[in-house]
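Have a look; sequence and predicted model below, questions after that.
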Amino acid sequence: MPKPERHVFVCTQQRPPGHPRPSCGANHGSFSLYAALSMELDQRGLFQKVQVTSTGCMGPCHRGPSVLVYPEGVMYAGMQESDLPAFIEEHLVGGKPVASLLMPQEDWG
């Protein structure tokens with residue numbers, strides 16, 4: 001496999017019911033986001049250029065799902081499946097982060 005141009009981490013942390021902190025997997029539906037992103041990249045022929053990995057907690061649980069893109073170190077908050085076309089075209093293909101989806105500065109500064 002060639003070295004990917006970008007690596008996308010999608011938080012799928014799932015805390016048990018009643019836990020005092022929310023989690024991207026249990027409270028924000030990140031499993032379906034992860035699956036949809038993986039499928040969309042494959043359908044567009046980008047799977048060799050962009051690697052997608054599910055991960056545990058990245059910190060700002062209340063803003064989930066959290067999505068982190070390297071090598072830029074750009075974190076997104078509250079991404080939904082409906083945001084994927086813009087995210088893929090603008091950031092993963094075009095190289096420009098989607099400003100409206102960025103994690104607020106106070107959570108990822």
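Everything's here; your move. No experiment lies behind these values; they were computed from the predicted model shown.

Give the full set of residues in contact with Glu81.
With contacts defined as Cβ atoms under 8 Å, 6 or more residues apart in numbering, the neighbours of Glu81 are 32-33, 36. Just so you know, the C-beta spots here come from the backbone N, C-alpha and C atoms, and that holds for glycine as well.

whoops, Pro65 was the one
Applying Cβ under 8 Å, 6+ apart as the definition, the contact partners of Pro65 turn out to be 10-11, 24, 28-30, 33, 78-79.

re earlier: can you flag which of the contacts of Glu81 belong to helices?
32-33, 36 (DSSP state H).

on that earlier part again, considering the contacts of Glu81, which possesses the most neighbours?
Neighbour counts for the contacts of Glu81 were taken using other Cβ atoms under 10 Å; the highest belongs to Leu33, which has 24 neighbours.

how far away is that residue from Val50?
Using Cβ to Cβ, to the nearest Å, Leu33 is found at 15 Å from Val50.

Now the spatially most central residue of the chain: closest residue in space that isn't a chain neighbour?
Geometric centre of the chain, nearest residue: Val67, 2.4 Å, by Cα atoms, centre = their mean. If you skip the residues right next to it in sequence, Val67 has Tyr76 as its closest partner in space, 4.3 Å away by Cβ to Cβ, 6 or more residues apart in numbering.

I appreciate the help and will end here.
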